[in-house]
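S.K.: Turn this into a structure:
(one chain, ligands or ions: 2)
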Amino acid sequence: MERVVNSKEIKSILDEHKDKMKLMLKVCVRCTFCAETCFLYRSREQNPKYMPSMKIINSIGKLYKKKGKVKFEELEKMREIVFHDCVLCTRCSCPMGINIPEMIALARRVLRSQGIYYSYDKEPHSIATSNTEI
Ligand code: SF4
Ligand code: SF4
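M.R.: Residues are numbered from 1 along each chain as shown. Ligands and ions are numbered 1, 2, ... in the order given. As a prediction, this is how the structure comes out:
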């Protein structure tokens, strides 16, 4: 049975941070400076999927663009990005002042609101979690 997404709930979470999120997504100039500051990107053969900017574009960016009207499968895809491909270590930096971990943490919150999370103790390839949550 297809799982139903509560888009209204997602939108209300997004709305709490609307202005900040809008600004952060707008000011990203795709310079890729942040990539070199992410240890996961550097330690995984510079795979673009680990670029901090890509992680925010493909998670919170998508949620924002679609105003929360996403399919469950799309949220499932984001799960890997925000719970596995980022550990919220807060080491990344952006010359434009974008707070990447904050954006990822917000995406995590949205996913958790729909019952989607990562079982670090059960799932393979688990990596340490952090406590930077919104
Ligand atoms: S460093 Fe900042 S502006 Fe540049 S790509 Fe990364 S998030 Fe975007
Ligand atoms: S917070 Fe996430 S994106 Fe930033 S350096 Fe750590 S793992 Fe990479």
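
S.K.: so what's the nearest residue to Y41 once chain neighbours are set aside up against?
M.R.: Leaving aside its sequence neighbours, Y41 sits nearest to Y50 (C-beta to C-beta, 6 or more residues apart in numbering; 3.9 Å). For glycine as for every other residue, the C-beta is placed from the backbone atoms N, C-alpha and C. When contacts are counted by C-beta atoms under 8 Å, 6 or more residues apart in numbering, Y50 is found next to 35, 38, 40-41, 44, 85.

S.K.: repeat that with 6 Å
M.R.: 40-41, 44, 85 (C-beta atoms under 6 Å, 6 or more residues apart in numbering).

S.K.: Just the buried ones among those, please.
M.R.: Using 16 or more other C-beta atoms under 10 Å as the burial test, those include 40-41, 85 as buried.

S.K.: next helix or strand past the lowest-mean-pLDDT helix or strand in the chain?
M.R.: Of all the helices and strands that make up the chain, helix 18-27 has the lowest average by mean pLDDT, DSSP states H and E, namely a mean of 91. The C-terminal neighbour of helix 18-27 among helices and strands, as given by DSSP states H and E, is helix 39-43.

S.K.: wait, does that following helix make contact with ligand 1?
M.R.: No. Helix 39-43 stays clear of ligand 1 (C-beta under 6 Å from any ligand atom), getting no nearer than 10.7 Å.

S.K.: Centre of the chain to the helix or strand following that helix, how far?
M.R.: Once the chain leaves helix 39-43, the next helix or strand it forms, by DSSP H and E, is helix 52-56. Taking C-alpha atoms, centre = their mean, to the nearest Å, one finds helix 52-56 lying 7 Å from the centre of the chain it belongs to.

S.K.: and helix 52-56, average pLDDT?
M.R.: Mean pLDDT, computed over helix 52-56, is 96.

S.K.: All good on my end, thank you.
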